[in-house]
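Trainee: coordinates only, no sequence provided:
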């Protein structure tokens, strides 16, 4: 029993698979073994569009199988593009050369913070800059909402124009009135146990000294302190 392919080949005539014949049947030519290519050296194209373009411009269309030629043409195209960009950049440079002197110079961006501003500060704050550079200890009188609160003796590390200051090795002294013993109202909750805050962060030890008439002088040493400018009344150099 013959297969379907053999039946189709037996029923196909040479005129139906010949490309030069008027009875050419492309469908039978695809599946027949009797097809003969009229020109074996004819170029191959990927689609009809390339074939139509090749008819108009034979030198620009590369046929299938010429990989080296396609790569070489791509390299030449890239080289030509770079040369055109270089020529255009040079032309623009010559074109705008006469306007370079009139163009405003672009200011260099500089990072500005407290430390950089301290270097260019002047006026009364320049004295604080001298204290920072020479590590001079200062005496600062502070205030509260009712008047003078106390004094601070320390070394200025940094400051700003609002008189906010960072101090180190601070000795703080202030006065307060004796607090009468009283019970905590129920609405305020349970008092915090003694020593709980110290377990989270170290609390400076406060030394109290009675001055009489119910007034106590309190003293404590703080390694680092930040003083807001609104609490500063007066700043003096304590040691030179």
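Mentor: Noted; the coordinates are in hand. Small disclaimer: the values here were computed from a predicted structure and weren't measured. Numbering: from 1, shown residues only.
Trainee: name the helix or strand for the nearest residue to residue 206 once chain neighbours are set aside, please.
Mentor: In space, and not counting its chain neighbours, residue 206 is closest to residue 220: 4.7 Å by CB to CB, 6 or more residues apart in numbering. Using the backbone N, CA and C atoms, a C-beta is placed for each residue, glycine as well. For residue 220, the host element (DSSP states H and E) is strand 215-227.
Trainee: please identify the buried residues of the next helix or strand after that strand?
Mentor: Sequence order places strand 232-237 as the next helix or strand after strand 215-227, per DSSP H and E. Residues 232, 235 are the ones in strand 232-237 that count as buried (16 or more other CB atoms under 10 Å).
Trainee: partner strands of strand 232-237 and their direction?
Mentor: Strand 232-237 sits in its sheet next to strand 137-143 (antiparallel), going by DSSP bridges.
Trainee: and the strand holding residue 220, average pLDDT?
Mentor: Averaged across strand 215-227, the pLDDT comes to 91.
Trainee: now that strand: buried residues?
Mentor: Along strand 215-227, these residues count as buried under the neighbour rule (16+ other CB under 10 Å): 216, 225, 227.
Trainee: any idea how far the closest residue to the last one other than its chain neighbours is from residue 226?
Mentor: Just to be clear, that refers to residue 227. Nearest residue to residue 227, sequence neighbours excluded (CB to CB, 6+ apart): residue 165, at 4.8 Å. Using CB to CB, to the nearest Å, one gets 8 Å for the distance from residue 165 to residue 226.
Trainee: again, but for residue 107
Mentor: According to CB to CB, residue 107 and residue 226 sit 33 Å apart.
Trainee: which stretches of the protein have low pLDDT?
Mentor: Along the chain, the model assigns pLDDT under 70 to residues 1-12, 58-66, 100-103, 179-201, 240.
Trainee: break this structure down into its domains, please.
Mentor: 1-42, 57-99, 123-178+204-237 (automatic domain parsing).
Trainee: I'd like the ones you listed as CSV, with distance to residue 48 appended.
Mentor: Below are these laid out as CSV (distance: least, CB to CB, whole Å):
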stretch, distance to residue 48
domain 1-42, 14
domain 57-99, 12
domain 123-178+204-237, 77
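Trainee: tell me which of these sits most buried.
Mentor: Among the domains of the chain, domain 123-178+204-237 has the highest mean neighbour count (mean count of other CB atoms under 10 Å), at a mean of 14.
Trainee: what about that one, how long is it end to end?
Mentor: From its first residue to its last, domain 123-178+204-237 covers 16 Å (CA to CA, to the nearest Å).
Trainee: nearest the geometric middle of this structure, what residue?
Mentor: Geometric centre of the chain, nearest residue: residue 111, 14.9 Å, by CA atoms, centre = their mean.
Trainee: could you pull out the helices for this structure?
Mentor: With DSSP state H, the ranges of helices along the chain come out as 4-11, 14-17, 26-31, 48-56, 67-95, 114-119, 125-134, 196-200.
Trainee: that older thread, contact partners for the residue nearest to residue 227?
Mentor: By CB atoms under 8 Å, 6 or more residues apart in numbering, the residues touching residue 165 are 128, 140, 156, 158, 159, 226, 227, 229, 232.
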